[in-house]
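*Asks:* Show me how the following folds:
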Amino acid sequence: MKVAIIGLGTMGWMYASRLARMDGIQLAGAYDRSAAKAEAFSSQYGTRVFDTFEQLMTEGNPDVVCITLPTFLHKEYVLKTARLGKHVICEKPLAVRPEDAAEMVQACEKQQVKLFVCHVARFFPENQNLKKTIESGQIGKIGIAHAKRAGTNPSLASSWYSDETRSGGIIMDLMIHDIDLMRWMIGDIRSVYTMSRRSSNVHVALVTLQFHNDAVANIEAYWGYPGPFTTAVEIAGSGGVIFSDNQSTQPYTIQRMNPSSDVAEAIQVPGDSSLHDPYFAELSHFLTCIRTGDEPIITTIDAVKAVEIAAAAILSGNTGLPVTI
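*Replies:* The predicted structure is shown next:
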């Protein structure tokens, strides 16, 4: 299967390094407007970087196109790629505006091409284990959840991030990971409420999600965090609590209530996410779905819902009012 890459920023290189190791996958070429990036990429992977998108599509003739461009360019290139009958793997978020995301899905369906959206957090083993534990009923009915994601401020390095009409800002770009995770693990979301604070270097957003099953999740996203990149999830139910964070040597921990003593008992579950590459797993999964026709772990409905919820959270932050989904 021949795979092309559009956009040679951080994620374009990330995809290429994984695709190059996959059996049965050939890098059909790439496209980026930067001559310096093109030269470096061609040298690294021994594949041609074309002068135009159209030339890549004609001469490279890929079966699948990975779109790793800035968010505001996703729609243009997904629509172009779909019209040419090529399958699409698009980096998250699918779009900044929900109506654009829906249009992109409809265009791919009309052209009968597959569209996959890379919400890679679903492919981290600790998150998969959290979901399995919830589904097993070990911690009972979910009541409240907390999630945190904190890292450097990308708007200080790339100006398009600071323009929320192009990036969607911290909620659409960073928090959307945890919005999707919470919906995946707990269920559909009924309403959102947002508080946000920012300075020249720091932006923090706090969002409360209310679910149709009456659970509540509080999510924090932090650009400009002075420490290492940090993620954490804690989900409490009627029978216990499960939590995970990327700074711990343990992939995740369950604490369950002992009915006879009301004392929590910690159960440490073995495993090490460093032995598993979620980006490799994600791309491999999508390519397998193209071959087999299987339903992917994240569907286009999931991707559009994530954009819708993130957009509602942004609206809530702007108005100071809760927003019903």
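
*Asks:* what about the strands in the stretch 101-250 of the chain?
*Replies:* Ranges of strands within the stretch 101-250 of the chain are 115-118, 142-151, 189-198, 203-211, 216-223, 230-237, 240-245, based on DSSP state E, counting those that start in this stretch.

*Asks:* burial count for the closest residue to Gly168 other than its chain neighbours?
*Replies:* Leaving out its chain neighbours, the residue that sits closest to Gly168 by Cβ to Cβ, 6 or more residues apart in numbering is Val96, at 4.5 Å. All C-beta atoms are positioned from the backbone trio N, CA, C, and that covers glycine. When neighbours are counted by other Cβ atoms under 10 Å, Val96 registers 23.

*Asks:* Please determine how far Val96 is located from Glu109.
*Replies:* With distances taken as Cβ to Cβ, to the nearest Å, Val96 is found 21 Å from Glu109.

*Asks:* pLDDT below threshold where in the protein?
*Replies:* Along the chain, segments meeting pLDDT under 70 span 249-275.

*Asks:* Pop the domain breakdown of it in here.
*Replies:* 2-120+280-299, 123-273+306-324 (automatic domain parsing).

*Asks:* ranges for the helices of the chain?
*Replies:* In the chain, the helices defined using DSSP state H lie at 10-19, 35-45, 53-55, 74-83, 98-111, 125-136, 159-162, 164-167, 169-170, 176-186, 278-292, 300-319.

*Asks:* mind checking how far the residue positioned nearest the centre of the chain is from Ala306?
*Replies:* In the chain, the residue lying closest to the centroid (Cα atoms, centre = their mean) is His119, at 2.5 Å. The gap separating His119 from Ala306 is 7 Å, by Cβ to Cβ.

*Asks:* got a list of what Ala95 touches?
*Replies:* 71, 74-75, 101, 104, 307 (Cβ atoms under 8 Å, 6 or more residues apart in numbering).

*Asks:* any idea what sits nearest it, other than its immediate chain neighbours?
*Replies:* Here the residue nearest Ala95, using Cβ to Cβ, 6+ apart, is Ala101, at 4.2 Å.

*Asks:* Same question for Val307.
*Replies:* Here the residue nearest Val307, using Cβ to Cβ, 6+ apart, is Ala101, at 4.5 Å.

*Asks:* Neighbours of the one you found, how many?
*Replies:* As a burial measure, Ala101 scores 26 neighbours (other Cβ under 10 Å).

*Asks:* try Asp180
*Replies:* Counted with other Cβ under 10 Å, residues neighbouring Asp180 total 24.

*Asks:* One more: the one 4 residues further on?
*Replies:* Counted by other Cβ under 10 Å, the residues lying close to Trp184 total 21.

*Asks:* what's it in contact with, if anything?
*Replies:* Counting by Cβ under 8 Å, 6+ apart, Trp184 has contacts 122, 131, 298, 302.

*Asks:* Out of these, which is nearest to Leu156?
*Replies:* The shortest gap between Leu156 and any of the contacts of Trp184 belongs to Arg122, at 28.5 Å (Cβ to Cβ).

*Asks:* separation between that closest one and Thr81?
*Replies:* According to Cβ to Cβ, Arg122 and Thr81 sit 23 Å apart.

*Asks:* Buried residues in stretch 299-317, which are they?
*Replies:* The neighbour-count check on stretch 299-317 (16 or more other Cβ atoms under 10 Å) flags 300, 302-314, 316-317 as buried.

*Asks:* again, but for stretch 226-245
*Replies:* For stretch 226-245, using 16+ other Cβ under 10 Å, the buried residues are 231-237, 240-245.

*Asks:* And for stretch 42-56, what's in contact with it?
*Replies:* Contacts of stretch 42-56 (Cβ under 8 Å, 6+ apart): 4, 6, 8, 16, 20, 27-32, 37-39, 41, 59-60, 62, 77, 80.

*Asks:* burial measure for the closest residue to Ala303 other than its chain neighbours, as a count.
*Replies:* Spatial nearest neighbour of Ala303, excluding adjacent residues (Cβ to Cβ, 6+ apart): Val117 at 3.7 Å. When counting by other Cβ under 10 Å, one arrives at 29 neighbours for Val117.
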